[in-house]
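Q: coordinates only, no sequence provided:
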């Protein structure tokens with residue numbers, strides 16, 4: 001399997017070519033609940049994570065939501 005380079009949260013990382021966004025999240029041990037993912041400057045609907053293939057040079061930002069505080 002061929003490795004490709006992507007930028008993940010500002011850092012260069014090697015991943016398997018063609019891996020899906022969902023597979024990447026699983027590999028990183030990140031639950032897809034309570035996160036937002038930006039793929040090449042576009043927010044991805046969580047229902048589509050398994051349909052988005054990652055390609056060389058892609059830029060991915062994963063942002064976690066934190067709850068708490070008072071209203």
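A: Yep, it's here. Here the structure is a predicted model, which means the values were calculated and not measured.
Q: CA atoms for contacts and neighbours, from now on please.
A: OK.
Q: adjacent strands (with direction) for the helix or strand containing residue 15?
A: Per DSSP states H and E: residue 15 is located in strand 11-16. Strand 11-16 pairs in its sheet with strand 3-8 (antiparallel), by DSSP bridges.
Q: what packs against the helix or strand containing residue 63?
A: Using DSSP H and E, the element containing residue 63 is strand 59-64. Under the contact criterion of 3 or more C-alpha pairs under 8 Å, 6 or more residues apart in numbering; DSSP states H and E, strand 59-64 touches strand 3-8, strand 35-39.
Q: now with 10 Å, please.
A: strand 3-8, strand 11-16, strand 35-39, strand 42-44 (3 or more C-alpha pairs under 10 Å, 6 or more residues apart in numbering; DSSP states H and E).
Q: ok so, going back, got the contact list for the strand holding residue 15?
A: Contact with strand 11-16 is made by 1-8, 24, 27, 54-57, 59-61, as judged by C-alpha atoms under 10 Å, 6 or more residues apart in numbering.
Q: buried members of these into ChimeraX, please.
A: Selection of buried members from the contacts of strand 11-16 for ChimeraX, criterion 16 or more other C-alpha atoms under 10 Å:
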select :4,5,6,7,24,54,55,59,60,61
